[in-house]
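Asker: The following comprises the amino acid sequence and a computationally predicted model.
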Amino acid sequence: MAIHNIDNPFTSLKFRDLVLRFIALSFLNGFLLLFLERNSSLKLNQQDSVIIIYICLFVLLCLWTLKDFGRLRAKVKYVVGDFPTNYNWLGLTWLVPLTIIFSVSSSIILFYLLSLAAPSFFEQFLRSIANAPSVENSNSFASNLLVGIATCIVAPITEEFLFRGIILQRWATKWGICAGLLSSSLLFGFLHPNPIGLTLAGMIWGVLYIKTRSLIVPIAFHAFNNILAVLPQLLPRDSSSSTSTLTLESLQSSWWVGVVMMAISLPLLLRFLWRNWPRKDTIIPYLNNANKERRTI
C-alpha cells in the first residue's frame, strides 16, 4: 500500500494539547505533593520534590498522549519501530562523548560571555548554583537512586517519546521533515539548562530516529548521554576532600578551555549532521514503519 494512503495521526495530534496538558499536570502534581507533605509524615528535600514531580509529570503526559492514540486508532509500534539491524548505529556511540564535550564547551563560552556582559548579575547566579541542592551534596542513597532512575531511565524514554516520537513527527507533518527536526530540537534544547548543547543533541538524536525509524536508538543514546553526565556525581566521594567552586575569576580565566573543547567536538558533530541530514521528501518514521508492515502482509 502506498504511504499516502496510510492514515497519519499527526495531522490530528496537536502540540497545543501537549502544552495545556503539561501545564495542568504541573499544577496537579505540585498541589498533590504539597498536600501530602502537609498532611502526612512525608518530608522531602527540594531535590527529591523536583525529581518526583518530574517523573510523575512526564510519565502522566506520555500516558495521556497514548490515550489519544487509542482514540485515533494509531499504533505505538509504528512510533517505536523495530530494533534496527540494517544500520550501524552502535558504531556511532562516539557521538555521545563528543556531544557531552560540546555541551560543556558551549556552557563555558556562554557563561563567559554572560559574565562579561553582566558581571554582578552573573556572580549572583553562580552563588545561587553553589547554594542549590544537587546530587553531589546529597548524602541520601535513596535520593541519589531517585536521581539515577529519573535521569537514566525515565528521562530518555519519556522525553524521546514526546520530542522525537510525537513533536518531531507532528511538526514534520505540518511544516516538512527538516523544519520539524530543527524546531523540535530547538524546543528540546531550550527546555534544558544547557540550550545550545541540548539543541545539537536533539538534532543528532532526531537524525538517528529518522535514519533508523526506531525510537530505541535515540532512547539508547539519550540514556548513555545521561549516564556519562550523572555518573561522576553519583560516585562516592571522600568527605574530607574539598570541592572546587566556580567563581567569576576562574571562569573568565579558563574560557579558552571551552574554545578548545568546541574546536575538537563541533566539526565532527556537524560533519555527521551534514552527511545524514534528511532530504525534504523524507517520510516520517511512523508512516515508513506502517508502510513497511503493510507491504509484508
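Answerer: Sure thing, it's come through. Numbering: from 1, shown residues only.
Asker: use CA for all of it now, contacts and neighbours both
Answerer: Fine.
Asker: distance of residue 284 from residue 40?
Answerer: 48 Å (CA to CA, to the nearest Å).
Asker: the more surrounded of those two?
Answerer: residue 284 (24 against 8; other CA atoms under 10 Å).
Asker: What pLDDT is listed against residue 4?
Answerer: pLDDT recorded at residue 4 is 49.
Asker: again, but for residue 134
Answerer: 51.
Asker: Buried residues of stretch 105-124, list them for me.
Answerer: Of all the residues in stretch 105-124, those buried under the rule 16 or more other CA atoms under 10 Å are 105, 106, 107, 108, 109, 111, 112, 115, 122, 123.
Asker: could these go into a markdown table alongside pLDDT, secondary structure and distance to residue 163?
Answerer: Below are these laid out as a markdown table (pLDDT from 0 to 100; DSSP: H, G, I helix; E, B strand; the rest coil; distance: CA to CA, whole Å):
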| residue | pLDDT | secondary structure | distance to residue 163 |
| --- | --- | --- | --- |
| 105 | 94 | helix | 24 |
| 106 | 93 | helix | 22 |
| 107 | 89 | helix | 22 |
| 108 | 88 | helix | 26 |
| 109 | 89 | helix | 27 |
| 111 | 83 | helix | 27 |
| 112 | 84 | helix | 30 |
| 115 | 78 | helix | 32 |
| 122 | 68 | helix | 31 |
| 123 | 72 | helix | 34 |
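Asker: List just the nearest of the residues you listed to residue 48.
Answerer: residue 107 (25.3 Å; CA to CA).
Asker: Would you enumerate the residues in contact with the closest one?
Answerer: 194, 196, 197, 258 (CA atoms under 8 Å, 6 or more residues apart in numbering).
Asker: Grab the nearest non-local neighbour of the first one.
Answerer: Once its chain neighbours are removed from consideration, residue 194 has its nearest residue in residue 107; the separation is 6.5 Å (CA to CA, 6 or more residues apart in numbering).
Asker: related to what we said a few turns ago, show me just the buried residues among the contacts of residue 107.
Answerer: 196, 197, 258.
Asker: Need the CA coordinates for whichever strand or helix holds the second one. CSV is fine.
Answerer: Assigned by DSSP states H and E, residue 197 falls within helix 195-212. What follows is helix 195-212, C-alpha atoms only, in CSV (Å, rounded to 0.1, in the frame of the first residue of the first chain):
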residue,chain,number,x,y,z
PRO,A,195,20.1,25.1,25.5
ILE,A,196,22.9,25.1,22.9
GLY,A,197,24.3,21.7,23.7
LEU,A,198,21.0,20.0,24.1
THR,A,199,19.7,21.6,20.8
LEU,A,200,22.5,20.0,18.9
ALA,A,201,22.0,16.7,20.8
GLY,A,202,18.3,16.8,19.9
MET,A,203,19.2,17.2,16.2
ILE,A,204,21.6,14.2,16.4
TRP,A,205,19.0,12.0,18.1
GLY,A,206,16.3,13.2,15.7
VAL,A,207,18.5,12.3,12.7
LEU,A,208,19.2,8.9,14.2
TYR,A,209,15.5,8.3,14.7
ILE,A,210,14.7,9.3,11.1
LYS,A,211,17.5,7.2,9.7
THR,A,212,16.8,4.0,11.7
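Asker: Following element in sequence after that helix, please.
Answerer: Heading C-terminal from helix 195-212 (DSSP H and E), you reach helix 216-234.
Asker: Between helix 195-212 and that next one, find me the angle.
Answerer: 150 degrees (axes from the mean of the first three to the mean of the last three CA atoms, to 10 degrees).
Asker: Give me the contacts around helix 216-234.
Answerer: Here helix 216-234 has contacts from 80-81, 83-84, 89, 93, 96-97, 100, 135-136, 144, 148, 151-153, 155-157, 160, 205-206, 208-209, using CA under 8 Å, 6+ apart.
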